[in-house]
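Trainee: Structure for the following, please:
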Amino acid sequence: MATPNYEHGISYSPEEENPKFAFNLPYLEHQGYKYVRVQWLDLTNQLRLRVMPLGHFKSLLQTPRPGIPLGQVTLGMVNMSLAEGFYPIGDYLYIFDLKSWRPCPYAPSHISVFGYFQYKSPSDSPIAGSISVPSCPRSILARLVEDAKLANIEFLVGLETEFILLEETEPVKPSGYHSWSSAKGLISGAKHSLVVEEIADAIRDSNIRLEMYHPESAPGQFEMVTGPLSPLRAADAQVHIREIIYNISRKHGFYATFAPRVFLNGPGSSAHAHISVHRTDDFTDRESESLSPLEEQFLSGMLTHMRALPALTLPTPASYKRVVDGVWSGGTYINWGTENREAPVRLCNARSTTSRNFEVRILDATANPHIALAGMLKAGLEGIVKELPLSIRDCTGKVTAAQMDEAGRKALGIEKRLPLSWEEGREAFVEDTVISGWFGEEFVNKYLSVNKLLGDILENSDGGDEAKKLTRLVEFY
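Mentor: Numbering: from 1, shown residues only. From the prediction side, this is the model:
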């Protein structure tokens with residue numbers, strides 16, 4: 001009699017799931033594309049762009065460093081306010097990354113391209129021999145990926161996209177009401193159902209693997225689930241998906257928002273990251289049904305440095321309205337658990353050697369995904385490089401860490417909580433010199449400066465009027 005096979009889930013590998021789409025200019029011209037959206041994501045997770053005719057883009061590709069000049073101030077702005085440490089003087093060169101190109105189904109004659117910020121000359125750089133800008137989000141994540149490769153490590157990342165469709169933003173009014181995964185949330189022929197399907201079609205037409213979509217728990221809330229990619233491509237894809245959602249929703253008269261928690265009587269919107277870790281020099285490390293030493297070390301690094309991460313992954317005061325105990329957001333106690341949605345790290349498909357992954361739940365869409373992923377993966381990589389033992393036990397069963405008494409938590413090795421406020425998160429990031437030190441002093445100073453201005457604008461612009469504050473939040477994110 002054959003032994004039953006209880007494996008489940010799709011087996012992904014870095015080689016298979018890092019698609020490289022060749023940038024073929026004659027093909028794009030033949031397909032009728034006319035414009036290129038040169039896009040960059042700033043430190044507040046706002047997508048900015050320059051749109052240029054394909055012909056001009058083609059001319060720029062003939063130059064020694066294909067790119068466009070952009071004011072250094074572009075990374076230091078919140079609306080039209082300038083963060084401390086930024087000035088309206090000086091330019092960067094934004095170098096095109098042709099591997100990042102994707103079609104824009106919401107603007108059928110457009111394609112989009114990301115890039116990297118560089119100094120125009122080595123003499124402009126504060127780092128001898130380097131032209132890379134320390135505060136460039138994509139360069140930071142690319143550097144982390146290279147550090148991992150030096151340790152023979154590769155990552156796969158799948159990012160969830162939760163959003164809410166609104167009919168109005170002032171006052172905030174959802175597109176409808178439904179419960180989690182309820183079929184009534186996608187009634188055939190309903191306007192919001194047609195919009196969500198058009199979004200799904202556009203994701204697929206953008207060369208992004210859509211796995212599923214469904215109604216979520218909050219009013220007007222939906223989720224798009226896409227397949228894993230290499231870290232840089234996963235972050236790029238999430239930005240592209242959000243732009244699809246914004247544009248298609250607006251075309252049909254809705255406003256899409258990714259704000260962390262719009263309705264305080266229901267759950268919030270997150271951007272959970274599903275991460276799997278792989279050795280490039282040993283393909284047998286995941287053959288057991290229990291965590292491999294590599295996975296344990298990665299998890300230990302994540303948990304050891306978790307207090308430093310919210311400054312990057314939960315970067316706004318509004319983020320802390322979502323991450324509380326008892327609302328399936330991951331809770332506030334630093335721990336992990338098999339299929340535990342009240343732990344900051346949930347182990348998914350625990351006994352599957354092919355599809356096992358860590359779901360990091362302390363991430364929302366106010367975070368720049370390149371910066372957030374760099375921080376999370378750096379924490380995990382630190383555990384691997386230092387071979388940190390896993391001292392916190394699996395928090396599984398029927399009782400969450402928040403429901404336990406001190407003795408119960410201590411028995412599992414649960415001793416610390418996440419920062420409970422935006423201010424505390426910023427302090428914890430600076431205090432963890434391993435994580436903040438890897439990002440570098442210039443990035444830390446500039447990021448925290450912009451982040452402070454952002455928090456002040458979102459929280460204090462209307463004299464504490466909560467309705468106006470919510471409108472500003474959902475219109476910003």
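
Trainee: CA atoms of the helix or strand bottoming out on mean pLDDT in the chain as CSV?
Mentor: Within the chain, no helix or strand scores below helix 25-30, which has a mean of 91 by mean pLDDT, DSSP states H and E. What follows is helix 25-30 as a C-alpha-only set of coordinates in CSV (Å, rounded to 0.1, in the frame of the first residue of the first chain):
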residue,chain,number,x,y,z
LEU,A,25,11.8,48.4,-27.6
PRO,A,26,10.8,47.4,-31.2
TYR,A,27,8.2,45.0,-29.7
LEU,A,28,6.8,47.8,-27.5
GLU,A,29,6.6,50.2,-30.4
HIS,A,30,4.8,47.5,-32.5
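
Trainee: Give the other helices and strands that it contacts.
Mentor: Where contact means 3 or more Cβ pairs under 8 Å, 6 or more residues apart in numbering; DSSP states H and E, helix 25-30 is packed against helix 54-60. Every residue, glycine included, has its C-beta placed from N, CA and C.

Trainee: Going by neighbour count, list what's buried in the helix it packs on.
Mentor: Under the neighbour-count criterion of 16 or more other Cβ atoms under 10 Å, helix 54-60 has Leu54, Phe57 buried.

Trainee: Can you give the contact residues for the helix or strand just after it?
Mentor: Downstream of helix 54-60, the first helix or strand assigned by DSSP states H and E is strand 67-71. The contact list for strand 67-71, computed with Cβ atoms under 8 Å, 6 or more residues apart in numbering, reads 38, 40, 50, 52, 60, 88, 90-96, 115, 117-118, 120.

Trainee: what is the rounded mean pLDDT of strand 67-71?
Mentor: Mean pLDDT, strand 67-71: 97.

Trainee: what comes into contact with whichever helix or strand comes after it?
Mentor: Next helix or strand after strand 67-71 toward the C-terminus (DSSP H and E): strand 77-78. Applying Cβ under 8 Å, 6+ apart, the contact partners of strand 77-78 are Asp42, Thr44, Ala83, Phe86, Val450, Leu453, Leu454, Ile457.

Trainee: Tell me, how many residues neighbour the first one?
Mentor: Spelled out, that is Asp42. Residues near Asp42, counting by other Cβ atoms under 10 Å, number 17.

Trainee: swap in the third one?
Mentor: A total of 21 residues lie near Ala83 under the criterion other Cβ under 10 Å.

Trainee: Please report how far it lies from Gly440.
Mentor: Here the criterion is Cβ to Cβ, to the nearest Å. By it, Ala83 lies 17 Å from Gly440.

Trainee: which ones are touching Ile334?
Mentor: Counted by Cβ under 8 Å, 6+ apart, Ile334 has contacts Leu303, Met306, Arg307, Pro344, Ile392, Ile414, Glu415, Lys416, Arg417, Leu418.

Trainee: For these, pick the one with the most neighbours.
Mentor: Ranked by neighbour count (other Cβ under 10 Å), the contacts of Ile334 have Pro344 at the top, with 28 neighbours.

Trainee: Buried subset of the contacts of strand 67-71, written for PyMOL?
Mentor: With 16+ other Cβ under 10 Å as the criterion, this PyMOL line picks the buried residues out of the contacts of strand 67-71:
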select buried, resi 38+40+52+92+93+94+95+96+115+117+118
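
Trainee: where do the helices sit along the stretch 201-350 of the chain?
Mentor: 231-251, 293-304, 310-313 (DSSP state H, counting those that start in this stretch).

Trainee: among the ones you listed, which is nearest Arg351?
Mentor: Between Arg351 and the helices of the stretch 201-350 of the chain, the tightest spacing by Cβ to Cβ is seen for helix 293-304, at 12.8 Å.

Trainee: buried stuff in the closest one?
Mentor: Buried, per 16+ other Cβ under 10 Å, within helix 293-304: Leu294, Glu295, Glu296, Gln297, Phe298, Leu299, Ser300, Gly301, Met302, Leu303, Thr304.

Trainee: just stretch 195-212 next, same as before
Mentor: Buried residues in stretch 195-212, counted by 16+ other Cβ under 10 Å: Val195, Val196, Glu198, Ile199, Ala200, Ala202, Ile203, Asp205, Ser206, Ile208, Arg209, Leu210.

Trainee: swap in stretch 447-460?
Mentor: Tyr447, Leu448, Ser449, Val450, Asn451, Lys452, Leu453, Leu454, Gly455, Leu458, Glu459.

Trainee: check contacts around the nearest residue to the second one once chain neighbours are set aside.
Mentor: Counting by Cβ to Cβ, 6 or more residues apart in numbering, the nearest residue to Leu448 once its immediate chain neighbours are dropped is Arg426, at 6.1 Å. In this structure, Arg426 makes contact with Ala311, Leu448, Asn451, Lys452, judged by Cβ under 8 Å, 6+ apart.

Trainee: Specify the local secondary structure of Arg426.
Mentor: Look at Arg426: counting by DSSP: H, G, I helix; E, B strand; the rest coil, its state is helix.

Trainee: any idea how far it is from Pro171?
Mentor: Distance of Arg426 to Pro171, computed by Cβ to Cβ: 31 Å.

Trainee: Give me the average confidence score over stretch 198-206.
Mentor: Taken as a whole, stretch 198-206 has a mean pLDDT of 97.

Trainee: Could you export it as CSV, CA atoms only?
Mentor: Only the C-alpha atoms of stretch 198-206 are listed here, as CSV (Å, rounded to 0.1, in the frame of the first residue of the first chain):
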residue,chain,number,x,y,z
GLU,A,198,-11.2,44.5,-13.7
ILE,A,199,-8.5,45.0,-11.1
ALA,A,200,-7.8,41.3,-11.1
ASP,A,201,-7.6,41.2,-14.9
ALA,A,202,-5.2,44.1,-14.9
ILE,A,203,-2.9,42.4,-12.4
ARG,A,204,-2.7,39.4,-14.7
ASP,A,205,-2.2,41.5,-17.8
SER,A,206,0.8,43.1,-16.0
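
Trainee: centre of the chain versus the least confident helix or strand of the chain, how much separation?
Mentor: 31 Å (Cα atoms, centre = their mean, to the nearest Å).

Trainee: Could you list the buried residues of that helix?
Mentor: For helix 25-30, by 16+ other Cβ under 10 Å, it's Leu28.

Trainee: from the chain's centre, how far out does whichever helix or strand comes after it sit?
Mentor: Downstream of helix 25-30, the first helix or strand assigned by DSSP H and E is strand 35-41. Averaged C-alpha coordinates place strand 35-41 at 19 Å from its chain's average position (Cα atoms, centre = their mean).

Trainee: which helices and strands does strand 35-41 pack with?
Mentor: Packing contacts for strand 35-41, counted by 3+ Cβ pairs under 8 Å, 6+ apart, involve strand 47-53, helix 54-60, strand 91-103, strand 110-118.

Trainee: try 10 Å
Mentor: Strand 35-41 sits against strand 47-53, helix 54-60, strand 67-71, strand 91-103, strand 110-118, helix 137-150, helix 231-251, helix 369-385, with contacts defined as 3 or more Cβ pairs under 10 Å, 6 or more residues apart in numbering; DSSP states H and E.

Trainee: Please consider this matter closed, and thank you.
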